[in-house]
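Engineer: Model the following, please.
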Amino acid sequence: MANVLEYKCPCCGGAVAFDSKTQNMKCPYCDTEFDPEALAEDEENDTNQDDMQWETSPGADWQEGEEESLRAYVCHSCGGEIVSDENTAATSCPFCGNPVIMTERLSGSLKPDYIIPFKIDKKAAKDALFKHYRGKKLLPKIFKDENHIDEVRGIYVPFWLFDADADANIRYKATRVRVWSDRNYDYRETSFYSIHRGGSLGFERVPVDGSEKMANALMESIEPFDFSDAVDFKTAYLSGFLADKYDVDAEQSIKRANERIKTSTESAFASTVHGYASVIPEYSNIRLRDGKAKYALYPVWILNTTWNGQKYTFAMNGQTGKFAGDLPLDKSAYAKWLFGLTGIGSAAAMALFYLLWLI
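Structural biologist: Coordinates of the predicted model:
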């Protein structure tokens, strides 16, 4: 038996959703606001909710096993059918638009430990997209005018948060160079050094997204999330947004977490080596211990756009507003720009191009 949960306004009976500006539940009909924690307590005390049974509905054209990934629910407000995939935890009714939550996706071992509520609304996400265009000198001029926004979705993305301690032993090969001259010769003396670093670092809440739908690179590009805003999970925060449960479990995410921790450890130790002309890592041994994982939902705005027959996806941190996404390159403008920099040298030109594109 599966439940479809909807939060109703006790004043007018309308469907209420979480409002990122006020950080409260808000009724769009009578503008009454409610504390999410209070609604969550009501939810826990309510034992008379209707249980709506879901079923898979295979058809003649379904391939074997394909229908198992679909779920059908009935909207409590209008009676319409809501069809979702097996990982959807929150969505809205396609008929009346009321936000609904699939409680079975969040029960037992699937229930998140924490959630960071949205702090930025949809309008801010759209504005951030157009701001993202500014200063991109090699962006096609017509892209800003013709790039069509297909959809803007506020999604709670599942993340695994890893704690671990790292014991490191790293050796570097470094050089120092001394240059001088006399009346007859120019001299260059190179001294070689072997540098050792060792110690331990503690890591807390290293995030790895637990959704196959979300590219790791895109999610990491909008980090960091500020965990000080995290609260214990309550379903009330999901109302009005989309949410997925993880489809990449903690065990499958360990490899990615280890890579991130080891890379950060190497970077931290390398930053302690100063005063040399060159520093090259020669040996690295990093051992991880005391690993733990928690499950959290983080707020992300996803903007899907279309231009010139091609899809472009952008993401914005729904807490901090950090924005990321790929943009097309005006090849003609790039060629002219690069041709004008031939006097600088190809290596320097490419480096400058990279910096300009990131700004």
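
Engineer: contacts, neighbours, all on C-alpha from now
Structural biologist: OK.

Engineer: partner strands of the helix or strand harbouring Arg176, parallel or antiparallel?
Structural biologist: Per DSSP states H and E, Arg176 falls inside strand 148-181. Applying DSSP bridges, strand 148-181 is found paired with strand 186-209 (antiparallel), strand 242-244 (parallel), strand 278-307 (antiparallel).

Engineer: Ranking these by mean neighbour count, which comes first?
Structural biologist: Between the strands paired with strand 148-181, strand 242-244 has the highest mean count of neighbours, a mean of 23, where neighbours are mean count of other CA atoms under 10 Å.

Engineer: State the mean pLDDT of that strand.
Structural biologist: With pLDDT averaged residue by residue, strand 242-244 scores 82.

Engineer: C-terminal to it, what's the next element?
Structural biologist: That would be, after strand 242-244 and using DSSP H and E, helix 250-270.

Engineer: that older thread, worst average pLDDT in the strands paired with strand 148-181?
Structural biologist: Among the strands paired with strand 148-181, strand 242-244 scores lowest, with a mean of 82.

Engineer: what bridges to Pro158?
Structural biologist: Beta-bridge pairing of Pro158 under DSSP bridges involves Leu297.

Engineer: From here on, call the first residue 19.
Structural biologist: Okay, residue one is now 19; in that scheme the one you just asked about reads as Pro176.

Engineer: That one: neighbouring residues, count only.
Structural biologist: Neighbour count for Pro176, taken as other CA atoms under 10 Å: 26.

Engineer: Quick check: it vs Cys27, distance?
Structural biologist: Pro176 is 28 Å from Cys27, where distance means CA to CA, to the nearest Å.

Engineer: One more: Glu164?
Structural biologist: 41 Å.

Engineer: Between those two, which has more neighbouring residues?
Structural biologist: Set Glu164 next to Cys27 and count neighbours by other CA under 10 Å: Cys27 wins out with 20 against 11.

Engineer: right, and the more buried one touches Ala35 too?
Structural biologist: No - contact criterion CA atoms under 8 Å: Cys27 and Ala35 do not qualify, at 9.6 Å.

Engineer: Find the nearest non-adjacent residue to Trp198, please.
Structural biologist: Taking CA to CA, 6 or more residues apart in numbering, and ignoring the residues beside it in sequence, Trp198 has Tyr205 as its nearest neighbour in space, at 5.2 Å.

Engineer: cool, Phe210 as well?
Structural biologist: Thr193 (4.6 Å).

Engineer: if I pick the one you found, what's in contact with it?
Structural biologist: Residues counted as contacts of Thr193 (CA atoms under 8 Å, 6 or more residues apart in numbering) are Thr208, Ser209, Phe210, Tyr211, Tyr294, Ala295, Ser296, Val297.

Engineer: Looking at it now. What's its pLDDT?
Structural biologist: pLDDT, Thr193: 96.

Engineer: In a markdown table: the strands paired with strand 166-199, plus distance to Asp145.
Structural biologist: A markdown table is the format used below for the strands paired with strand 166-199 (distance: least, CA to CA, whole Å):
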| stretch | distance to Asp145 |
| --- | --- |
| strand 204-227 | 25 |
| strand 260-262 | 20 |
| strand 296-325 | 11 |
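
Engineer: For Ala286, which of those is the nearest?
Structural biologist: Ranking the strands paired with strand 166-199 by proximity to Ala286 (CA to CA) places strand 204-227 first, at 9.1 Å.

Engineer: Which residues does the very next helix or strand once past the closest one contact?
Structural biologist: Going down the chain from strand 204-227, the next helix or strand is helix 234-239, by DSSP H and E. With contacts defined as CA under 8 Å, 6+ apart, helix 234-239 is touched by Val226, Asp227, Ala333, Ala342, Gly343.

Engineer: Pairing partners for the helix or strand just after helix 234-239, with directions?
Structural biologist: Remark: after helix 234-239, the chain's next helix or strand is strand 249-250, criterion DSSP H and E. If you go by DSSP bridges, strand 249-250 pairs up with strand 132-133 (antiparallel).
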